[in-house]
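Trainee: Next one to model:
(chains A, B, C and D)
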Number of protein chains: 2
Amino acid sequence: MKMDERKQQILLAIIKDYVNTAEPVGSRTISRKYKLGVSPATIRNEMSDLEEMGYIEQPHTSAGRIPSNLGYRYYVDCLMQREQLSEEEEGTIRRGYQNKVREVGEILNRTGRMVAQLTHYTALVQMPNFGRSAYRHVQIVLMAPTQAILIVVMDTGAVHHQMMTVSENITQQDLDQISSVLNAKLQGKTMDSIRLNLIKEIYFELSKHRSILDLAIELMQDGITPVKEDKIYLEGVFNILNQPEFHNVERVKVLLSLLEQENLLKDILDYPKDSQGITIKIGKENNRQEIQDCSMVTATYQVGDKILGTIGVLGPTRMDYARVVTVVDCMSRNLSKTLDRILKGQG
Amino acid sequence: MKMDERKQQILLAIIKDYVNTAEPVGSRTISRKYKLGVSPATIRNEMSDLEEMGYIEQPHTSAGRIPSNLGYRYYVDCLMQREQLSEEEEGTIRRGYQNKVREVGEILNRTGRMVAQLTHYTALVQMPNFGRSAYRHVQIVLMAPTQAILIVVMDTGAVHHQMMTVSENITQQDLDQISSVLNAKLQGKTMDSIRLNLIKEIYFELSKHRSILDLAIELMQDGITPVKEDKIYLEGVFNILNQPEFHNVERVKVLLSLLEQENLLKDILDYPKDSQGITIKIGKENNRQEIQDCSMVTATYQVGDKILGTIGVLGPTRMDYARVVTVVDCMSRNLSKTLDRILKGQG
DNA sequence: GATTAGCACTCATCGTCGTCGAGTGCTAAC
DNA sequence: GTTAGCACTCGACGACGATGAGTGCTAATC
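Mentor: Residues are numbered from 1 along each chain as shown, chains lettered A, B, ... in the order given. Take a look at the predicted model:
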């Protein structure tokens, strides 16, 4: 069967109406609301075809039709037209990014809040992953007789710190000496590029501080990177409770227990590595089974050419894709721009 | 009317049964399950008295009784007996704190997770508030031609960092010079104790870097402290959805939209300043109206003599207070001990 | 005087049943 | 190819009665 102009219009009408009302759409409604110049009977015939083609389905006989996953897919691929944000909304966004912020986390947080507010769904914003970043500065500060803090600044602007225990007779002067050797040797190096001979050099210069060096290098190696890198900011979780599909507490529970596990969130934001720009995952296309009755719209953000992370919107499959795509696209550009400004200076 | 032994036993039975079943408790049930040696009729008479005294109430005629807020209050004040955690649970907790961690946030996080897991309610853990802490170390690191990071280590172990913009001709040597002067002058001082003449001294020594100093001091003053100090870790939010009182999505929505606003969370953890130890707030006793059908059990934690923060459990008023009190008490002690170990050394 | 058996009464819950109406598919006419 | 007409389906909704848990009251009992 072929998808002609009229079938497209009818599919479009069904999707629009269903997205608005969350009720199955009947032939009469379409004929009344969306003037196609044909009678309900004709529309019924077309709908029957559309159902056969798999684009719509019937929850039960004597109910109207609702779009299937395939129907939504056809819609986003072929029928959907970008929306435009209102003046007011543009203003909100501009103001959101205007207030000076000096921490990346704060920016991601705000981005998430704005996305949630603009879409009325749930927003996810992934922490930028700078990949293998190099050490810019290392410092060890003595806090208590046996307690010191190791501070590491990466060239991406990330700052990590950890407590470390040192032996009692170590002084701040010792630590300064260690810090400055570490700085001299490690600055500009990535963790993987630090070869054994480099470490040997360091040991050679600081032979009397062997134990503390062991600890510091161990901490820098495995303690520091993984923790914060894949943090994901979540905003507007309760927005999704306004959607009629979540009036059933069981579904809310399934969703919430997924969203509460930070380590699983990255699974659902995961995007096909080749595609940059916007990705839409509808229903069963999602990785995790818990959200296979939801859809995700994600976009990558970048600084320069490098993709740093993803922002996404999670909502029911019955989602206003046009709007969400517009918002996600706009916000990912804004985020890219803002990060660029901050990381490169003049911020 | 007087509260005699038998009335107490009946009230206790009603509370225990209602906490378990979430169903109103009838006289027959009490007589059957909790052998008091009297007939249902007698129990009915006593229940009628208890109702008159305000300790229990009837959802509607021909339903059993449920405890009122006052009833729970009487229970926690006079009837409740501490529970004991099982060997297994004790073990879980011990193991939870055994794994070496070197960041305070990580410890609070784990504490929250354990509390949520042990109680099946929602756990809140407040970031330690060290009060007016003094500067231990200040450092400015140049990142890009006009971009630097200001890092401040407080004597509490808190590390703050912020981006700052600097003029193009500043070098790392300049920044080192500034850092070392700031360090020399500010070390050991709290922000409030930094008087104008001290700042004048700094300006005098570093007159050529006036603009960057302005920025640094401004940042240290208002940018750094408030942000992270009142962070509250939230765990087990979805636990609460298992409670029958939250089968209605509207109530979930009210609660979630409160819990999502980080800045409001501190309101609900707020404890009467004089009391240390355990505080129980039942229903309407809570500050925020959104949780006036819930109860909170909170305990302070401390290092040495100083109260640093609060941990709490949020659940329905129909809560297993005995267990929650035990868990919260135990965990706040554990947390205190662990923080002490970490902050004072030997960690 | 306290306790209890007996009894009438209340009221939420649950399943049944019929009505209503939205929506369909099919057929025949246009 | 389109449409009017019609029989049919089926979920939603409200009415209704049965059920049963639970009560308060009264009078008998200990």
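Trainee: do stretch A:22-29 and DNA strand C meet?
Mentor: Yes. For stretch A:22-29, a contact with DNA strand C is found by Cβ under 7 Å from any atom of the strand, at A:23, A:24, A:25, A:26, A:27, A:28, A:29. Placement of C-beta: from N, CA and C, glycine included.
Trainee: With stretch A:52-64 instead?
Mentor: Yes. Contact of stretch A:52-64 with DNA strand C (Cβ under 7 Å from any atom of the strand) involves A:58, A:61, A:62, A:63, A:64.
Trainee: so how far is the first residue of that stretch from its last?
Mentor: One end of stretch A:52-64 to the other measures 15 Å (Cα to Cα, to the nearest Å).
Trainee: roughly how far is it from the heart of the chain?
Mentor: 34 Å (Cα atoms, centre = their mean, to the nearest Å).
Trainee: Which single residue in the stretch 1-150 of chain A comes nearest to DNA strand D?
Mentor: Residue of the stretch 1-150 of chain A nearest DNA strand D, by Cβ to the nearest atom of the strand: residue A:62 (2.7 Å).
Trainee: rewinding a little: closest to DNA strand C out of the residues of stretch A:22-29 next to DNA strand C?
Mentor: Closest approach between the residues of stretch A:22-29 next to DNA strand C and DNA strand C, by Cβ to the nearest atom of the strand: residue A:26, at 2.7 Å.
Trainee: before we move on, back to that, which of the residues of stretch A:22-29 next to DNA strand C ranks first by neighbour count?
Mentor: Comparing those by number of neighbours (other Cβ atoms under 10 Å in any protein chain shown), residue A:25 comes first, having 25 neighbours.
Trainee: related to what we said a few turns ago, pLDDT for the residues of stretch A:22-29 next to DNA strand C - can I get that in a markdown table?
Mentor: As requested, those are exported to a markdown table (pLDDT from 0 to 100):
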| residue | pLDDT |
| --- | --- |
| A:23 | 96 |
| A:24 | 97 |
| A:25 | 97 |
| A:26 | 96 |
| A:27 | 96 |
| A:28 | 94 |
| A:29 | 95 |
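Trainee: Now intersect those with the helices, please.
Mentor: When DSSP state H defines the helices, the subset of the residues of stretch A:22-29 next to DNA strand C inside them is A:27, A:28, A:29.
Trainee: ok so, going back, pop out the phi and psi values for the residue of the stretch 1-150 of chain A closest to DNA strand D.
Mentor: Phi and psi for residue A:62, reported as degrees, to the nearest 10, are phi 70, psi 20.
Trainee: Ok, residue A:135 next?
Mentor: Main-chain dihedrals, residue A:135, degrees, to the nearest 10: phi -70, psi 140.
Trainee: Now for it, how many residues are close by?
Mentor: The tally of other residues near residue A:135 (other Cβ under 10 Å) stands at 20.
Trainee: contacting residues around it?
Mentor: Residue A:135 is in contact with A:152, A:153, A:154, A:155, A:186, A:187, A:188, A:189, A:190, A:220, counting by Cβ atoms under 8 Å, 6 or more residues apart in numbering or on different chains.
Trainee: Beta-bridge partners for it, please?
Mentor: Under the criterion DSSP bridges, residue A:135 forms beta bridges with residue A:154.
Trainee: now the one 5 residues further on
Mentor: Counting by DSSP bridges, residue A:140 forms beta bridges with residue A:150.
Trainee: So which of the residues of stretch A:52-64 next to DNA strand C is the closest to chain B?
Mentor: Closest approach to chain B among these (Cβ to the nearest Cβ): residue A:63, at 23.2 Å.
Trainee: For the closest residue to DNA strand C within the stretch 101-250 of chain A, give me its contacts.
Mentor: DNA strand C sits closest to residue A:244 of the stretch 101-250 of chain A, with a gap of 15.8 Å, by Cβ to the nearest atom of the strand. Applying Cβ under 8 Å, 6+ apart to residue A:244 gives the contacts residue A:22.
Trainee: if we can go back for a sec, Throw the ones in helices among the residues of stretch A:22-29 next to DNA strand C into TSV and include distance to chain B, thanks.
Mentor: Listed next are those as TSV, based on distance: Cβ to the nearest Cβ, whole Å:
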residue	distance to chain B
A:27	32
A:28	31
A:29	27
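Trainee: what does chain A put close to DNA strand D?
Mentor: A:37, A:38, A:39, A:41, A:42, A:45, A:60, A:61, A:62, A:63.
Trainee: Apply the buried test to these and list what passes.
Mentor: Neighbour counting by 16 or more other Cβ atoms under 10 Å in any protein chain shown classes residue A:38 among these as buried.
Trainee: Which two among the residues of chain A next to DNA strand D are spaced furthest apart?
Mentor: Spatially, the most separated pair among these is A:37 and A:60, at 29.7 Å (Cβ to Cβ).
Trainee: where does chain A dip in pLDDT?
Mentor: Across chain A, residues meeting the criterion (pLDDT under 70) sit at A:101-102, A:221-229, A:271-276, A:345-347.
Trainee: Now distance to residue A:75 too, for the residues of stretch A:22-29 next to DNA strand C, in JSON lines please.
Mentor: Putting the residues of stretch A:22-29 next to DNA strand C into JSON lines (distance: Cβ to Cβ, whole Å) gives the following:
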{"residue": "A:23", "distance to residue A:75": "18"}
{"residue": "A:24", "distance to residue A:75": "17"}
{"residue": "A:25", "distance to residue A:75": "14"}
{"residue": "A:26", "distance to residue A:75": "19"}
{"residue": "A:27", "distance to residue A:75": "19"}
{"residue": "A:28", "distance to residue A:75": "22"}
{"residue": "A:29", "distance to residue A:75": "18"}
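Trainee: now, which of the residues you listed sits nearest residue B:138?
Mentor: In terms of Cβ to Cβ, no member of these lies closer to residue B:138 than residue A:23, at 61.8 Å.
Trainee: Excluding covalently adjacent residues, which one is nearest to the closest one?
Mentor: Spatial nearest neighbour of residue A:23, chain neighbours left out: residue A:64 (7.2 Å); criterion: Cβ to Cβ, 6 or more residues apart in numbering or on different chains.
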